[in-house]
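> What shape does this take:
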Amino acid sequence: MPLDLGQTMLQLDLVSRGLVADSGQREARLMAFVDAASKVDAATAIAKTGYDPERPFLAAQVLDSLLGAYAPVEPPMDWCTVAVDGSHIDVDRHLPVGCYLINMGGCSLTYGSQPDASFFSQPSLYHRPEDLYLTDPSNPNYEEPVAGPLLGLIRTVQELERLAQAVADVPAGLPTLALVDGSLVMWGLSGRGYPPFVKEAIIQERLLPALNQLREESQHRPLCLAAYVSLPRSAEVVNAARTSLCPTELSQCRSRCNNRRSIQAPCDLSNDFIDRDLFQRTLDPGWRSATYLTNSSVPRESYGEHQICFFYLNCGEEIGRIELPQWVAQDERLLSLCHSLVLDQCRRGQGYPVAISEAHEQAVINGADRQFFKQMLAEALEREGLPVYTSEKDRSKRTPWL
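Prediction:
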């Protein structure tokens with residue numbers, strides 16, 4: 001039986017009315033939270049937000065001020081932005097061949113006295129055992145299949161590798177913004193979801209060499225490497241404010257706080273808010289926040305000199321989170337350049353960086369492409385006289401009974 005849209009609509013109406021009823025109280029709490037956080041001095045925020053394993057929630061480390069705001073500078077006359085995005089077709093157990101496809105797309109857009117634009121798209125099919133599994137070097141019998149979230153992590157690393165190649169083609173001396181969509185933090189590798197050799201294969205063997213290459217390219221031109229997170233759901237700065245406002249010892253937090261809520265004042269002012277709620281009230285259009293260091297365990301333990309910082313930017317249409325390696329964040333000239341160029345890209349793209357949109361268009365694999373890929377795979381096998389089959393479950397989904 002299909003979804004009962006009538007019953008669903010009635011429930012959605014109840015949810016909407018509840019949100020309207022709560023909106024006034026929520027706005028008052030948010031303004032009280034903003035007011036309290038704005039009174040925290042920089043020294044207190046810096047001292048109280050350093051990494052501590054006893055903290056029961058992830059809080060960003062404050063580097064200069066808790067709620068500082070900075071105006072944009074004018075972008076240079078001539079500059080370039082390079083963006084890369086990827087899409088993939090995952091391993092499908094219903095197909096006769098174990099394989100996956102990654103389509104890497106990107107663009108290079110040059111502005112100023114000699115405007116130019118170039119685009120690329122490159123599909124790569126992977127089917128060999130060494131592609132389909134990551135193997136523990138110390139125990140060849142221990143393998144991790146490359147599929148699902150793990151394939152997504154590998155694709156993210158491949159985007160940075162391709163970005164480094166594209167940046168190398170930019171004329172030396174030309175200020176350059178190197179952009180990717182999403183996060184520079186390999187969040188999927190946090191916790192105990194994967195064995196250590198997987199983290200080694202992804203970060204040490206691939207991610208860090210790509211970041212090293214990009215940093216090397218910064219010796220030939222002003223280079224800002226940044227990742228743009230649209231509609232961010234992070235609460236790292238909210239939690240930094242919660243930590244800065246807390247009057248008790250950190251050891252007591254475990255009994256009174258969790259990753260989302262606190263049961264005591266004034267920490268409970270932060271309950272249910274995320275970072276973009278905060279910066280929608282504190283940042284004017286075009287302005288950015290202070291810069292913060294993420295305390296995520298993945299970069300802290302594995303990224304070495306490429307620790308990840310971030311700031312929030314009021315792009316006019318949304319509050320975006322911009323992540324960048326510490327070597328960009330610590331250079332005031334590069335930080336200001338990153339701010340102005342990302343803002344310029346958002347204005348050209350009606351609220352979202354136009355270069356990332358163009359890279360996505362080169363990389364996207366739509367539903368028709370996915371079906372055509374399956375058809376081409378079957379035809380290729382048939383031409384070689386190999387068996388072509390699928391599961392009965394897959395066939396049943398494509399052939400309705402009634």
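> Could you list the low-pLDDT ranges of the stretch 301-402 of the chain?
384, 389-402 (pLDDT under 70).
> can you give me the strands in it?
Here the stretch 301-402 of the chain has its strands, by DSSP state E, counting those that start in this stretch, at 308-314, 319-325.
> These: which one's closest to V238?
Smallest distance to V238 across those (Cβ to Cβ): 11.3 Å, for strand 308-314. In short, each C-beta sits where N, CA and C put it, glycine included.
> re the thing from before, would CSV of the strands of the stretch 301-402 of the chain with distance to M31 be doable?
Shown next, in CSV, are the strands of the stretch 301-402 of the chain (distance: least, Cβ to Cβ, whole Å):
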stretch, distance to M31
strand 308-314, 18
strand 319-325, 17
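> Between these, which one is closest to L208.
With Cβ to Cβ, the closest approach to L208 among those belongs to strand 319-325: 10.8 Å.
> Could you tell me the angle between that closest one and strand 308-314?
Strand 319-325 and strand 308-314 are oriented at 150 degrees to each other (axes from the mean of the first three to the mean of the last three Cα atoms, to 10 degrees).
> Any idea how far strand 319-325 is from the middle of the chain?
Centroid displacement of strand 319-325 relative to its chain, using Cα atoms, centre = their mean, to the nearest Å, is 8 Å.
> now do stretch 214-225
Centroid separation for stretch 214-225 versus its chain: 21 Å, with Cα atoms, centre = their mean.
> Which residues in that stretch does the neighbour count mark as buried?
214-215, 217-218, 221-225 (16 or more other Cβ atoms under 10 Å).
> how long is it end to end?
End-to-end distance of stretch 214-225 (Cα to Cα, to the nearest Å): 8 Å.
> what is the rounded mean pLDDT of it?
What stretch 214-225 shows for mean pLDDT is 94.
> next one: stretch 5-23
Across stretch 5-23, the average pLDDT comes to 72.
> before we move on, the earlier item: looking at the buried residues of stretch 214-225, spot the one nearest Q158.
Closest to Q158 out of these is L214 (14.0 Å), distances taken as Cβ to Cβ.
> ok, and that closest one, which helix or strand is that part of?
Using DSSP states H and E, L214 maps to helix 208-217.
> Comparing the strands of the stretch 301-402 of the chain, which comes out most buried?
Mean neighbour count (mean count of other Cβ atoms under 10 Å) peaks for strand 308-314 among these, with a mean of 25.
> elements contacting that one?
When contacts are defined as 3 or more Cβ pairs under 8 Å, 6 or more residues apart in numbering; DSSP states H and E, strand 308-314 sits against helix 275-282, strand 288-289, strand 292-293, strand 319-325, helix 326-329, helix 332-348.
> what's downstream of the strand or helix carrying A45, the next helix or strand?
Using DSSP H and E, A45 falls within helix 42-48. Downstream of helix 42-48, the first helix or strand assigned by DSSP H and E is strand 61-62.
> State the mean pLDDT of that next one.
Averaged over strand 61-62, pLDDT sits at 96.
> hmm, back to that, list the helices and strands the helix holding L214 packs on?
Using 3+ Cβ pairs under 8 Å, 6+ apart, helix 208-217 sits against helix 149-168, strand 223-229.
> Looking at the ones you listed, which is nearest to Y194?
Between the helices and strands packed on helix 208-217, helix 149-168 lies closest to Y194; by Cβ to Cβ that is 7.1 Å.
> Looking at the helices and strands packed on helix 208-217, spot the one closest to V298.
Using Cβ to Cβ, the nearest of those to V298 is helix 149-168, at 10.5 Å.
> Let me see the contact set for Q61.
Going by Cβ atoms under 8 Å, 6 or more residues apart in numbering, Q61 touches 46, 49-51, 240, 292-295.
> can I assume L109 is in contact with V354?
Yes. Between L109 and V354 a contact is recorded at 7.4 Å, counting by Cβ atoms under 8 Å.
> quick revisit: how about the CA coordinates for the helix holding A45, as CSV?
Taking C-alpha atoms only, helix 42-48 is exported to CSV below (Å, rounded to 0.1, in the frame of the first residue of the first chain):
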residue,chain,number,x,y,z
ALA,A,42,38.7,36.5,24.5
ALA,A,43,41.1,35.3,27.2
THR,A,44,38.4,33.4,29.0
ALA,A,45,37.1,31.8,25.8
ILE,A,46,40.6,30.8,24.7
ALA,A,47,41.5,29.3,28.1
LYS,A,48,38.3,27.3,28.5
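> mind listing what's buried in it?
For helix 42-48, a neighbour-count test (16+ other Cβ under 10 Å) marks 42, 45-46, 48 as buried.
> and what of stretch 136-156?
For stretch 136-156, the neighbour count (16+ other Cβ under 10 Å) marks 136, 146-147, 150-151, 153-156 as buried.
> Distance from the chain centre to it, please.
The answer for stretch 136-156 is 20 Å, by Cα atoms, centre = their mean.
> ditto for stretch 69-79
Stretch 69-79 sits 23 Å away from the centroid of its parent chain (Cα atoms, centre = their mean).
> what's the closest of the strands of the stretch 301-402 of the chain to A28?
Closest among the strands of the stretch 301-402 of the chain, once you apply Cβ to Cβ, is strand 319-325, at 20.5 Å.
> What angle do helix 332-348 and that closest one make with each other?
Between strand 319-325 and helix 332-348, the angle comes out at 140 degrees (the same axes, to 10 degrees).
> Only alpha carbons, please: show strand 319-325 as PDB.
What follows is strand 319-325, C-alpha atoms only, in PDB (Å, rounded to 0.1, in the frame of the first residue of the first chain):
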ATOM      1  CA  ILE A 319      25.200  31.200   6.700                       C
ATOM      2  CA  GLY A 320      28.000  29.000   5.200                       C
ATOM      3  CA  ARG A 321      30.800  27.200   7.000                       C
ATOM      4  CA  ILE A 322      34.200  27.600   5.400                       C
ATOM      5  CA  GLU A 323      36.900  25.100   6.400                       C
ATOM      6  CA  LEU A 324      40.500  25.600   5.700                       C
ATOM      7  CA  PRO A 325      43.900  24.200   6.800                       C
END
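> Would you give the sheet partners of that strand, along with the direction of each?
Using DSSP bridges, the strands paired with strand 319-325 in its sheet are strand 223-229 (antiparallel), strand 308-314 (antiparallel).
> any chance of those in CSV, with distance to R348 too?
Output for these, formatted as CSV (distance: least, Cβ to Cβ, whole Å):
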stretch, distance to R348
strand 223-229, 13
strand 308-314, 14
